[in-house]
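Q: Next comes the sequence, and after it the predicted model I'd like to discuss.
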Amino acid sequence: MNDRHHDPADGIAFVNGTYMPLAEASVPLTDRGFVRSDATYDVAHVWKGSFFRLDDHIERFEASMRGLRMSLPYSRAEIAAILVECVRRSGLRDAYVQMTCTRGVPPRGTRDPRLCQNRFYAFAQPFVWIANEEQRRDGLKMVVSSVQRIPPEAIDPRIKNFHWLDLTMGILEAYDRDAIVALLNDGHGNVTEGAGFNVFAVKGSTIATPDRGVFEGMTRRTVIELAGEVELRCEVRPVAIEELHDADEIFITSTAGGIMPVTVLDGRIYGNGKPGPVTGRIHDLYWAKKQAGWLSTPVDYGTA
């Protein structure tokens, strides 16, 4: 790998069996992953030198590939080794790590997706946060967008994909309305998800998160699993827009930030503009478990 002109800490990629600076990585212009959004991906993260839930991320990635009728010549262990090596070579102790499978380049003269050789890409780069430090501490401004999420009957959102135009239009609407993040509706009076995050509504000692029309995020899964440890009942079911407006607290979850409080929704201030106690309990437990090495895979940096 020739990285004389690139700092490894800016990112390392794996393309066509070769490790290289992220700045030099590329995808063929005719790859269906680029021209047709015909791809799936997953994002794991490294915190203080260890992956969190690496096996779960790879298992979900493989499930997404099966859902799109894709396959790769790599075992689960080999994918894990590639991701770890990207991080090791970068030297990053806090990293955003993505694995991607594209449909590949179609043979000349055909558009048959079955004839493509699926391609694997991976990279590690400095950790990416949805919100800055002040927003994570004091809370986010969020809106329920007028944009409807692509329905699951069209594209199964449980398969992580690059179909982000609805989410992007939601982001733009949030900015237009003096907010940071947008939550899309399902067209039937319920909320779904936002760009890269899931949502939870808090009422008393119960938290609720949408069950349909959402990507089942890893941090969402973690909150569902940990709720009982802080004496909370977790319900996975439809969440109406009105229910969210009537909630005691609201928080969002994402690999790119963990548990993040929402203190303003559609212009209404929650909890006097401060994160609520339930959100705080879940936030603190989440980070304490990670600090203790729960579900972690340490990276051996060796001579990196």
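A: Happy to help now that I have it. Residues are numbered from 1 along each chain as shown.

Q: Val278 contacts Glu249, correct?
A: Yes. Here Val278 reaches Glu249: they are 5.4 Å apart, a contact under Cβ atoms under 8 Å. C-betas here are computed from N, CA, C, even on glycine.

Q: Please enumerate the shared neighbours of these two.
A: Residues touching both Val278 and Glu249 (Cβ atoms under 8 Å, 6 or more residues apart in numbering) are Val202.

Q: Show me which residues of the helix or strand encompassing Lys290 are buried.
A: Secondary structure assignment for Lys290, by DSSP states H and E: helix 277-291. Under the neighbour-count criterion of 16 or more other Cβ atoms under 10 Å, helix 277-291 has 278-283, 285-286, 289-290 buried.

Q: could you point out which element follows that helix?
A: Downstream of helix 277-291, the first helix or strand assigned by DSSP H and E is strand 296-298.

Q: Name the residues that touch that next one?
A: Contacts to strand 296-298, defined as Cβ under 8 Å, 6+ apart, come from residues 49-52, 54-55, 80, 84, 290.

Q: Likewise for stretch 276-287?
A: 202, 205, 207, 219, 222-223, 226-227, 229-230, 232, 248-249, 251, 258-259, 261, 270, 275.

Q: Kindly confirm my reading that Val128 forms part of a strand.
A: No. Counting by DSSP: H, G, I helix; E, B strand; the rest coil, Val128 is not found in a strand; it is coil.

Q: measure it to Asp55 for me?
A: From Val128 over to Asp55 the distance is 22 Å, taken as Cβ to Cβ, to the nearest Å.

Q: burial measure for His245, as a count.
A: With neighbours defined by other Cβ atoms under 10 Å, the count for His245 comes to 14.

Q: who touches it in this structure?
A: Residues counted as contacts of His245 (Cβ under 8 Å, 6+ apart) are 265-266, 268.

Q: The stretch 151-300 of the chain: helices as residue ranges?
A: Using DSSP state H, counting those that start in this stretch, the helices of the stretch 151-300 of the chain run over 165-176, 218-226, 241-245, 277-291.

Q: What are the buried residues along the lowest-mean-pLDDT helix or strand in the chain?
A: The helix or strand of the chain with the poorest confidence is helix 133-138; it has a mean of 92 (mean pLDDT, DSSP states H and E). Residues 135-136 are the ones in helix 133-138 that count as buried (16+ other Cβ under 10 Å).

Q: Please save the CA atoms from it in PDB.
A: The C-alpha trace of helix 133-138 is given here as PDB (Å, rounded to 0.1, in the frame of the first residue of the first chain):
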ATOM      1  CA  GLU A 133     -21.100  17.700  21.400                       C
ATOM      2  CA  GLU A 134     -23.400  20.600  22.500                       C
ATOM      3  CA  GLN A 135     -26.500  19.000  20.700                       C
ATOM      4  CA  ARG A 136     -25.800  15.600  22.300                       C
ATOM      5  CA  ARG A 137     -25.500  17.200  25.700                       C
ATOM      6  CA  ASP A 138     -28.400  19.700  25.600                       C
END
